[in-house]
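S.K.: make a model of this:
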Amino acid sequence: MEKDREKWNKKYTSGEPHPEEPSEILKQFYTLAKKGKALDIAAGLGRNSIFLAEQGFKVDAVDISDVAIEHLKKLKNPNINPILADLDYYTIPENEYDLIVNINFLNRRLFPQIKEGLKEGGVLIFETFLLDKNTHIKTKDYLLRKNELLQSFIDMRVVFYQERETTKITGEKASVASLVAVKECKLV
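M.R.: Numbers count the residues shown, from 1 in each chain. So this is what the prediction gives:
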């Protein structure tokens, strides 16, 4: 846990560029969700949390970096609840969220909790990196395989799914999988 926290704290204080605009997939699909409570998994400096709060959502922004969480606290936005937590151990409360957002982060342990954390009619917006020829990440545990995201959430109503190449803020090529799905009924 401390090693991960140090890594992300260093990244947020190094002057390295970070996206400031909300994720495109979030901007495109957030309106599918009922305005209510949202969860931003691995929120970082809060670009997606801030956007959702501006749209009227109450957002639980979870991240391991105390630098990121302090940044969110300084915003003093009453619609953002910054939560310092290691997502390797965090438990998503059941039937709590109208919208769950997971951008550029992968922890397969959370997949069942994400499904259970959504209320009926809740929306999942998920986008993260794929293992392929463009991959520069050393640990393959943090990368999706082809169609893995789709298969992992196939028991929900999939509204959108895509695997595509993109360019990161650093200029590097990368491939991502994007999924938008709705929880239509209690999953068994």
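
S.K.: name the nearest residue to F153, sequence neighbours excluded.
M.R.: Spatial nearest neighbour of F153, chain neighbours left out: A181 (5.0 Å); criterion: CB to CB, 6 or more residues apart in numbering. Using the backbone N, CA and C atoms, a C-beta is placed for each residue, glycine as well.

S.K.: over to that neighbour: give its phi and psi.
M.R.: Backbone geometry at A181, expressed as degrees, to the nearest 10, gives phi -140, psi 150.

S.K.: which SS class is the nearest residue to G56 once chain neighbours are set aside?
M.R.: Leaving aside its chain neighbours, G56 sits nearest to K35 (4.6 Å; criterion: CB to CB, 6+ apart). When classified by DSSP: H, G, I helix; E, B strand; the rest coil, K35 comes out as coil.

S.K.: state whether H71 is indeed within a helix.
M.R.: Yes. Under three-state DSSP, H71 falls within a helix.

S.K.: any idea how many residues pack against it?
M.R.: Using other CB atoms under 10 Å, the number of residues around H71 comes to 17.

S.K.: which residue, other than its chain neighbours, is closest to it?
M.R.: Take H71 and drop its neighbours on the chain: the residue closest to it by CB to CB, 6+ apart is L45, 5.4 Å away.

S.K.: show the subsequent helix or strand relative to the helix or strand containing S49.
M.R.: In the assignment (DSSP states H and E), S49 maps to helix 47-54. Going down the chain from helix 47-54, the next helix or strand is strand 58-63, by DSSP H and E.

S.K.: hey, where'd the strands end up in this structure?
M.R.: Under the criterion DSSP state E, strands of the chain are mapped to 37-41, 58-63, 80-84, 97-103, 118-129, 157-167, 173-182.

S.K.: run a quick neighbour tally on the residue lying closest to E20 once chain neighbours are set aside.
M.R.: The shortest distance from E20 to any non-neighbouring residue, by CB to CB, 6+ apart, is to R47 (5.8 Å). Neighbourhood size, R47 [other CB under 10 Å]: 18.

S.K.: L72 versus R47, what's the distance?
M.R.: 11 Å (CB to CB, to the nearest Å).

S.K.: am I right that Y161 is in contact with Q151?
M.R.: No. Proximity of Y161 to Q151 does not meet the contact threshold set by CB atoms under 8 Å, at 10.2 Å.

S.K.: which residue is nearest the middle of this protein?
M.R.: Geometric centre of the chain, nearest residue: N102, 1.6 Å, by CA atoms, centre = their mean.

S.K.: please report how far that residue lies from S14.
M.R.: For N102, the distance to S14 equals 24 Å [CB to CB].

S.K.: repeat that for K34.
M.R.: Distance of K34 to S14, given as CB to CB: 38 Å.

S.K.: between these two, which has more neighbouring residues?
M.R.: More neighbours surround K34 than the other of K34 and S14, with 13 against 9 (other CB under 10 Å).

S.K.: check what pLDDT the more buried one gets.
M.R.: At K34, the model reports a pLDDT of 96.
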